[in-house]
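Colleague: sequence and predicted structure, then a few things I'm wondering about:
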Number of protein chains: 2
Amino acid sequence: MPDSHPNPPRFREIADALRREIHSGVLASGDRIPSEYQLVTRFSTTRSTVRKAVALLRAEGLVVSHQGKGAFVRTRPRVRLLSAGSRHRQHRDSGAPNYNAEVEAQGRHAAQQLREVAEVAAPDEIAARLEIAPGTPVIVRRRRFTVDDEPMQLADGYYTTAIALGTPIAEPRRVKGGVHAVLEDPQGPIRRRVARFVEDLDIRMPTPAESELLAVPPGVPVARILRTAYDTDGAALEVLDSLVPCDRHIFRYVIDVPACS
Amino acid sequence: MPDSHPNPPRFREIADALRREIHSGVLASGDRIPSEYQLVTRFSTTRSTVRKAVALLRAEGLVVSHQGKGAFVRTRPRVRLLSAGSRHRQHRDSGAPNYNAEVEAQGRHAAQQLREVAEVAAPDEIAARLEIAPGTPVIVRRRRFTVDDEPMQLADGYYTTAIALGTPIAEPRRVKGGVHAVLEDPQGPIRRRVARFVEDLDIRMPTPAESELLAVPPGVPVARILRTAYDTDGAALEVLDSLVPCDRHIFRYVIDVPACS
DNA sequence: GAGTGGTCTAGACCACCAC
DNA sequence: TGGTGGTCTAGACCACTCT
């Protein structure tokens, strides 16, 4: 006797019921949700229907499932990513200013790997921001940040050859004091002051390749951040192209309003 | 003769093939992708398998499907949301500084509706930022922003009664010149200067209720932004709680680095 | 080996759309 | 009316995990 599917469809009702239990705390972070067969009997339906309900929750980032073990309510330990001009110099000893310091301040262990230093043709978006022609050779430093051994961020720094060649920035090893220290070193060859950052955030779902690199479960968006650093004359010094999983971060921006109109 | 499913599963291969066609331009923005039955014959599989492949693309935000019509490659017309302290005063005549001005500058029509002005008990997150006890009565102004009649943002502004009562902020109508003008009006009762904003972005998948309010298709993340405005003494003046669909916006932050260390 | 989630087939009915 | 996507059932085999 198929009384058919009224509004809302069955799988949605099941997902709603589970979502309520998660938000109300009946199912806490890390708990295993009932197995598919348990849900089949509880809601008296078939397995594909409960699977569709669980898939919805997975797409919302509320649960993760592991073959052979079960489906679990996600935990979201998060790191705050802070962008604040006024604190930039205090923390610039890491390659990505603020990042390491922020993480350590939250009692966790931050690390970064230098994946590659190379000379490449500038991609369009990078070239536009560095104010050079697309395809011009540029230096790229590709890094990967981890927190407690979990991948947290991919960050590629781009520099014009005019700035980077002949400096530690173009060398395939870590830069003592960080790249910004080299840019600003009053005794160094560059001697420019970072006066402004412009950050563009594009938030979307990851491609399969990206979700593998960052080990993000399905249903978790990523932020693609293009941060351009300018000197006091308004010339672009660096473009940082980074990719961060949104479930592992909270973004915080501090914006000071000048007194003059 | 079931030769079973090798690595990668069938539905993933199908999704990959379609994704390549979308990214390579074979299927352009707005194009209809092949119907499910066409895909069934093309990949010689069953309908549920191709449906699962299309569901993946939908979850990635690459396609939207309409019952009875087909599935289409998504178009993403976007508005830039700019947060820059230095331009704040130039644009503050709208309720949400910068927003209207930014949109109009991009040649589109921005509008806002005042959904409600009410006195409510302060939610925890709001209370913490306003530096008052949770549950204390506060004034909330709930607004909805549209661009070319499409919902683009929900923005609820919270104010302490100490600040708002007896001012236009607590009145259920639009505030001439915007709320910030009232806060800063040198002839008005408040006379505080907005000196700093702190924005916290939490990016996640929407709840079903939220996706309905904002008319976001599945597979599109939302940003929940809590922006606190502080005066020159560091006292909180306003907390703006907003929700924006990420596929309709690009976020831009301009951060000025002070000269002194 | 029992239990779990992952994938797939085969077929059905429904709701919506365009002709 | 025929085509489209949306939902559901019933049953199968696989891969993984735990005991």
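Modeller: Good, I have the coordinates.

Colleague: identify the residues contacting A:Ala155.
Modeller: A:Gly95, A:Ala96, A:Arg142, A:Arg143, A:Arg144, A:Phe145, A:Leu240, A:Asp241, A:Ser242, A:Leu243 (Cβ atoms under 8 Å, 6 or more residues apart in numbering or on different chains). Glycine gets a C-beta too; all of them are placed from N, C-alpha and C.

Colleague: again, 10 Å this time
Modeller: Counting by Cβ atoms under 10 Å, 6 or more residues apart in numbering or on different chains, A:Ala155 makes contact with A:95-96, A:99, A:112, A:115, A:141-145, A:225, A:227, A:240-244.

Colleague: next: A:Thr49.
Modeller: Here A:Thr49 is in contact with A:His5, A:Pro9, A:Arg10, A:Phe11, A:Glu13, A:Ile14, A:Glu36, A:Leu39, A:Val40, A:Phe43 (criterion: Cβ under 10 Å, 6+ apart).

Colleague: rerun at 6 Å
Modeller: Counting by Cβ atoms under 6 Å, 6 or more residues apart in numbering or on different chains, A:Thr49 makes contact with A:Arg10, A:Phe11.

Colleague: circling back to that earlier point, which of the contacts of A:Ala155 count as buried?
Modeller: A:95-96, A:99, A:112, A:141-145, A:225, A:227, A:240-244 (16 or more other Cβ atoms under 10 Å in any protein chain shown).

Colleague: and these near DNA strand D, which?
Modeller: For DNA strand D, no contacts are drawn from these by Cβ under 7 Å from any atom of the strand.

Colleague: can you tell me which of these is closest to B:Gly30?
Modeller: A:Leu243 (27.2 Å; Cβ to Cβ).

Colleague: beta partners of the residue nearest to the closest one when sequence neighbours are not counted?
Modeller: Among residues not flanking A:Leu243 along the chain, A:Leu154 sits closest, at 4.5 Å (Cβ to Cβ, 6 or more residues apart in numbering or on different chains). Counting by DSSP bridges, A:Leu154 is bridged to A:Arg144, A:Leu243.

Colleague: tally of neighbours for A:Leu154?
Modeller: 20 (other Cβ atoms under 10 Å in any protein chain shown).

Colleague: test my guess that it contacts A:Asp241.
Modeller: No: in this structure A:Leu154 lies outside contact range of A:Asp241 using Cβ atoms under 6 Å: 8.5 Å.

Colleague: report whether the helix or strand hosting A:Leu226 contacts chain B.
Modeller: If you go by DSSP states H and E, A:Leu226 is part of strand A:222-231. No: no part of strand A:222-231 sits near chain B under the criterion Cβ under 6 Å from any Cβ of the partner chain; the closest distance found is 6.7 Å.

Colleague: and that strand, which strands flank it?
Modeller: Counting by DSSP bridges, strand A:222-231 is paired with strand A:194-204 (antiparallel), strand A:236-245 (antiparallel).

Colleague: helices or strands up against the helix or strand just after the shortest one?
Modeller: Sequence order places strand A:249-256 as the next helix or strand after strand A:236-245, per DSSP H and E. Counting by 3 or more Cβ pairs under 6 Å, 6 or more residues apart in numbering or on different chains; DSSP states H and E, the packing neighbours recorded for strand A:249-256 are strand A:79-84, strand B:194-204.

Colleague: lowest average confidence across those strands, which one?
Modeller: The weakest mean pLDDT among those belongs to strand A:79-84, with a mean of 76.

Colleague: give the closest residue to A:Gln112 in space, chain neighbours not counted.
Modeller: Closest to A:Gln112 by Cβ to Cβ, 6+ apart is A:Phe145, at 4.9 Å.

Colleague: how about A:Leu240?
Modeller: For A:Leu240, the closest residue by Cβ to Cβ, 6+ apart turns out to be A:Arg227, at 4.3 Å.

Colleague: can you show me the strands along the stretch 1-150 of chain A?
Modeller: Using DSSP state E, counting those that start in this stretch, the strands found in the stretch 1-150 of chain A span residues A:63-66, A:70-73, A:79-84, A:110-121, A:137-147, A:150-160.

Colleague: pick the most buried one from these.
Modeller: Scoring the strands of the stretch 1-150 of chain A by mean neighbour count under mean count of other Cβ atoms under 10 Å in any protein chain shown gives strand A:150-160 as the most buried, with a mean of 22.
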